[in-house]
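A.B. asks: got a predicted structure here, sequence first:
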Amino acid sequence: MKTPSSRWWALAALALAMLTIGLDTTVLTVAMPTLATDLGATTAQLQWFSSAYTLVLAATLLPAGALGDRYGRRRLLLGALVLFGAASVLCAYAGSADGLIAARAVLGLGAAIMMPLSMAVLPVIFTDAAERARALTVWVTATAIGLPLGPILGGWLLTHFWWGSIFLINVPLVVLGVIAVALFVPESRSDRPTPLDLVGVALSSLGLLGLTYGFIRAGQDGWGDPGTPLTIAVGLLLLVGFVAWQRRTPHPLIDLALFRSRGFTWGSILATGVNFALFGLLFAVPQFLQSVTGATALGTGVRLLPLIAGLLVGTRLADRLVRTFAPGPVLAVGFVLLTIGLALGANTGTDTAYWYTGTWIALVGAGMGVALPTAMNAALGALSTERSGSGSALIQALRQAGGTIGVAILGTILSSGYRSGLGDEVRLPVTDSVTTGVAVARQLGRPDLLDTVRSAYVHGMDLMLWTCAGICIVAAITAVIVLPRRRPAVRPVVDEPESMHVG
């Protein structure tokens, strides 16, 4: 690179790209009612606005990482940024629900390339382990901050502009990202390019597609539909076939030897555990704030700001802890904070004051800030620069699949708790969702039904948060057992980057 400071400018470019993805992940949530009205979208089409993005993202992560290793990570990253920006414009000006679904699928393809390749260049740029850990913290924080900012920006834009503006906010961020990546991110690729494993691409893509789609269906329609477990089973069989193929092919898509590293295996698993807590919060709390406490879309986003404050405090704490302690104890601290925050949240009632809600949301943010970058760095530290693209894609694919499964499981717990809280006397459409239940109760002018709906939702949310807390305390114990509890006397040497040049 041209100057030592260039790598930090490169990091800023990568963080900007990830901020864009984080924003896009949640900004759509506040726009659903508007899209239903302006585009005449059905309930199924509203669900596909999110599902199309998620499915393409899951199916193309692994091939994207391998292509970066082969053809150049910066080159593909620049192309993905341009594609993401173009798809954002297509989303903004989609004239129909089907058009928006198609544009969201293209958006998912851009994100699938951006996520692993922006992560893959970190070990290339930052060869010092301490600097790499700090850089990864910035990278993770940028993504996480975008998640709660999405509803805030989305709510403000919907108040002042038309719905397409929520997608156009990506465009200036993408333009800045393209310029910064072109100027500061060095090109890197494998010195020993191998033929692309097309069979592995097909098996992994179809397997992740089936698994993700099955759990999306489970989250939306429940487990009663026989097609749901069948789709999940087919996805799992294809993934088993993918692993078997990777063992025998001379040029595998992923390096299965990575799983011999405790850091890679458990870092990836524990990073997925953090996703359970995050998605649990983002899935349930916005509905609680809007349907139970009566907050507006913009007000809901503002009330999620303690998550960002906690996250920033947590990342600063993690940065100090990792200088003194090994990954195991640091991760345990993060998961204990998550457990405490989620347990407090699980004691929420319909009349709980906001200061209490804000406090436990901030604790969850702090736990995320400590645990997520530490877990990701444990996994990333096992990657050589030679296979950093495919390795980073594997980490992201595991997190994506785990997050989708988590949302489906937590959504089932929340829905079951909500319906059991309503009792047998209450029927459809009230049992469909808390949003519908509140609307029906108000339309009928029945304050007793409104109280029942709100109490039932809080009951389901508390059950779900207790589940998240249980997962996090198990993760805390696991981290101490399976990851190093003492720092090595000498820092491990990281391979020098290969095939680097500034483009």
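C.D. replies: Ah, there it is. What you are looking at is a predicted structure, and each value in this text was computed from that prediction instead of being measured.
A.B. asks: which stretches in the stretch 401-503 of the chain count as strands?
C.D. replies: Applying DSSP state E, counting those that start in this stretch to the stretch 401-503 of the chain gives strands spanning 501-502.
A.B. asks: where does the residue nearest to Leu23 when sequence neighbours are not counted land in three-state SS?
C.D. replies: Counting by Cβ to Cβ, 6 or more residues apart in numbering, Leu23 lies nearest to Gly146, which is 4.3 Å off, once chain neighbours are set aside. Using the backbone N, CA and C atoms, a C-beta is placed for each residue, glycine as well. Per DSSP: H, G, I helix; E, B strand; the rest coil, the secondary structure class of Gly146 is helix.
A.B. asks: the stretch 1-150 of the chain: helices as residue ranges?
C.D. replies: Counting by DSSP state H, counting those that start in this stretch, the stretch 1-150 of the chain has helices at residues 6-27, 32-38, 43-71, 73-92, 97-120, 122-125, 129-160.
A.B. asks: any idea how far the first one is from the chain center?
C.D. replies: Between the mean C-alpha point of helix 6-27 and the mean C-alpha point of its chain there is a distance of 14 Å (Cα atoms, centre = their mean, to the nearest Å).
A.B. asks: pLDDT wise, what is the residue in the chain sticking out farthest from the centre at?
C.D. replies: Taking Cα atoms, centre = their mean, the residue of the chain most remote from its mean C-alpha position is Gly445, at 39.5 Å. Here, the pLDDT recorded for Gly445 equals 90.
A.B. asks: cool, Ala52 as well?
C.D. replies: 83.
A.B. asks: how about Leu109?
C.D. replies: At Leu109, pLDDT is 92.
A.B. asks: list the contacts for the residue lying closest to it once chain neighbours are set aside?
C.D. replies: Nearest non-adjacent residue to Leu109, counting by Cβ to Cβ, 6+ apart: Val56, 5.2 Å away. Neighbouring residues of Val56 by Cβ atoms under 8 Å, 6 or more residues apart in numbering: 105-106, 108-109, 112.
A.B. asks: so which of those is the most crowded?
C.D. replies: Within these, most neighbours by other Cβ atoms under 10 Å means Ala112, with 27 neighbours.
A.B. asks: quick check: that one touching Leu62?
C.D. replies: No. Counting by Cβ atoms under 8 Å, Ala112 stays clear of Leu62, with 9.1 Å between them.
A.B. asks: from Asn170, how far off is the nearest residue to Leu168 once chain neighbours are set aside?
C.D. replies: The spatial neighbour of Leu168 that comes closest, neighbours along the chain excluded (Cβ to Cβ, 6+ apart), is Ala92 at 4.9 Å. When Cβ to Cβ, to the nearest Å is the yardstick, Ala92 and Asn170 sit 9 Å from each other.
A.B. asks: of those two, who's got more company?
C.D. replies: Set Ala92 next to Asn170 and count neighbours by other Cβ under 10 Å: Asn170 wins out with 25 against 19.
A.B. asks: next, count neighbours for the residue nearest to the more buried one when sequence neighbours are not counted.
C.D. replies: Nearest non-adjacent residue to Asn170, counting by Cβ to Cβ, 6+ apart: Ser88, 3.9 Å away. If you count neighbours by other Cβ under 10 Å, Ser88 ends up with 26.
A.B. asks: which residues does Ser88 contact?
C.D. replies: 24, 107, 167-168, 170-171, 174.
A.B. asks: tell me the least confident of the residues you listed?
C.D. replies: Least confident of the contacts of Ser88 in the model: Asp24, at 79.
A.B. asks: and that one, how far is that from Ser433?
C.D. replies: Distance from Asp24 to Ser433, by Cβ to Cβ: 23 Å.
A.B. asks: of the two, who's got more company?
C.D. replies: Asp24 (26 against 18).
A.B. asks: returning to that earlier point: wait, the residue nearest to Leu23 sits on Ala15?
C.D. replies: No. Using Cβ under 8 Å as the test, Gly146 is too far from Ala15 to be in contact (9.9 Å).
A.B. asks: any residues in contact with both of these two?
C.D. replies: Here Gly146 and Ala15 have no joint contacts, going by Cβ under 8 Å, 6+ apart.
A.B. asks: for the stretch 101-250 of the chain, give me the ranges with low pLDDT.
C.D. replies: Low-confidence segments of the stretch 101-250 of the chain (pLDDT under 70): 190-193, 219-221.
A.B. asks: mind running it again at 90?
C.D. replies: With pLDDT under 90 as the threshold, the stretch 101-250 of the chain has low-confidence stretches at 108, 112-167, 169-198, 200-201, 204-205, 207-229, 231-232, 246-250.
A.B. asks: ok, which stretches of the stretch 151-300 of the chain are strands?
C.D. replies: 186-187.
A.B. asks: show me the helices in it, by range?
C.D. replies: Using DSSP H, counting those that start in this stretch, helices in the stretch 151-300 of the chain cover 165-168, 170-184, 198-221, 227-248, 262-287, 297-303.
A.B. asks: show me what the first one is packed up against.
C.D. replies: Read it as helix 165-168. Judged by 3 or more Cβ pairs under 8 Å, 6 or more residues apart in numbering; DSSP states H and E, helix 165-168 is in contact with helix 6-27, helix 73-92, helix 129-160.
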